[in-house]
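Engineer: turn this into a structure:
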Amino acid sequence: MDSKFIIETKQLTKVYGEQKSVSNLNLHVKSGRIYGLLGRNGAGKTTTMKMLLGLVKPTSGEVYVFGLPLYMNEKEILPRVGSLIEAPGFYPNLTATENLEVFAGLRGLPSRDAIKKTLDLVGLPYKDKKLFSQYSMGMKQRLAIALAVMHDPEILVLDEPTNGLDPIGISEVRKFLRELCSKKGKTILISSHILSEISLLADDIGIIDHGVLLEEESLEELEKKSKKYICVGVSNASQSARIMETNLHITNFKIIDNHTIHIYDTSTDVSELSRQLSAHRIVVSELHLYEETLEDYFKKVIGGEGIA
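Structural biologist: Predicted coordinates:
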């Protein structure tokens, strides 16, 4: 067990009948960072999170939290973890404050300060008279997140926490999760099928598909893996390649087809390249810098299909 990981799994597997929902998962969540678990619906994200919280028993493998095996240490570990997996059972005929007072009482929390502070954090009014049954989907989701953070946990495990929120609500949730991490030192594990949401929030990303962790990197490293190249469209690729090598000493390139070349040295002088090719009666139909997006990279990793 590596001490720099606040959550770690080893060969974590869950089988339902003959189907492997999660397969030999080795997850590494660093302390004080936001880890985004990214995958399509049905990829195994929720099952993984339930196993991390002791809600589902693994078929095989191990879960470590705070350096301890989760199983046999639940009473010590789980009070230090906040979670949002499925919609909590709030009372429809109570207000947000009254609902949180019920949960605070069950958890033995000093209710007034904790509740007011938490509702402020998620942008819901304290002592408001509006009943939970009258809440919009977005307001209900905010209250669910409030319940997850009310006891001031060290780790937050949030399954698709921005579901049902409008763009402003998503932005607000992103902002306060980032503040929880940067200002209060919380570790956050968040799942999503929305790439743009994860890339704006997470420090580290795990890509899961069909229960298998395909990639696990920092966002910074993943962005480096996204390729940049100069795309050159020409009337004759093989002749152009000879000119590039002989006259411009360009060697880091690939001929894609009879009319397309990719140059991987992005510092190449494109004006001089165009001039040299034109001087040899090569028609240049395309010449631009192509930058592979994270979306392109993820499609490649999971086999050509989009995340969402």
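
Engineer: Pro69 and Lys30, how far apart?
Structural biologist: 19 Å (Cβ to Cβ, to the nearest Å). For the C-beta atoms, the positions are set from N, CA and C on the backbone; glycine is no exception.

Engineer: and those two? Which one has more around it.
Structural biologist: When neighbours are counted by other Cβ atoms under 10 Å, Pro69 and Lys30 differ, and Lys30 comes out ahead with 17 against 14.

Engineer: tell me the secondary structure at Leu189.
Structural biologist: strand (DSSP: H, G, I helix; E, B strand; the rest coil).

Engineer: wait, it touches Leu156, no?
Structural biologist: Yes: Leu189 lies in contact with Leu156 (Cβ atoms under 8 Å); the separation is 7.1 Å.

Engineer: the more surrounded of these two?
Structural biologist: Leu189 (26 against 22).

Engineer: roughly how far apart are that one and Leu158?
Structural biologist: For Leu189, the distance to Leu158 - Cβ to Cβ - is 7 Å.

Engineer: pull out the buried residues from the lowest-mean-pLDDT helix or strand in the chain.
Structural biologist: When the helices and strands of the chain are scored by mean pLDDT, DSSP states H and E, helix 294-301 comes last with a mean of 77. For helix 294-301, a neighbour-count test (16 or more other Cβ atoms under 10 Å) marks 294, 297-299, 301 as buried.

Engineer: one more: stretch 116-130?
Structural biologist: 118-119, 121-122, 124.

Engineer: could you look up the SS state of the residue nearest to Pro153 when sequence neighbours are not counted?
Structural biologist: Of all residues not flanking Pro153 in the chain, Gly82 sits nearest, at 3.6 Å (Cβ to Cβ, 6 or more residues apart in numbering). Secondary structure, three-state DSSP: Gly82 is strand.

Engineer: show me what contacts Gly82?
Structural biologist: 148-151, 153, 155-157 (Cβ atoms under 8 Å, 6 or more residues apart in numbering).

Engineer: any chance of TSV for those residues, columns pLDDT?
Structural biologist: Below are these laid out as TSV (pLDDT from 0 to 100):
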residue	pLDDT
Ala148	92
Val149	90
Met150	90
His151	88
Pro153	92
Ile155	96
Leu156	95
Val157	96
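
Engineer: quick one: which of those residues sit in strands?
Structural biologist: Among these, the ones falling in strands (DSSP state E) are 155-157.

Engineer: in JSON lines, list those residues along with distance to Asp203.
Structural biologist: Formatted as JSON lines, the ones in strands among the contacts of Gly82 follow (distance: Cβ to Cβ, whole Å):
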{"residue": "Ile155", "distance to Asp203": "14"}
{"residue": "Leu156", "distance to Asp203": "14"}
{"residue": "Val157", "distance to Asp203": "16"}
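
Engineer: gap between Ser21 and Met72?
Structural biologist: Ser21 is 23 Å from Met72, by Cβ to Cβ.

Engineer: and if you look at Ser199?
Structural biologist: 37 Å.

Engineer: below-threshold pLDDT in the stretch 101-250 of the chain: ranges please.
Structural biologist: Where the stretch 101-250 of the chain drops to pLDDT under 70, the residues are 111.

Engineer: for Gly164, state which of the contacts of Gly82 is nearest.
Structural biologist: Taking Cβ to Cβ as the measure, Gly164 lies nearest Ala148 of these, at 15.3 Å.

Engineer: now the strands for the stretch 1-150 of the chain?
Structural biologist: In the stretch 1-150 of the chain, the segments counted as strands under DSSP state E, counting those that start in this stretch are 5-16, 19-25, 28-30, 34-38, 60-65, 68-69, 81-84.

Engineer: I'm done for today, thanks for sticking with me.
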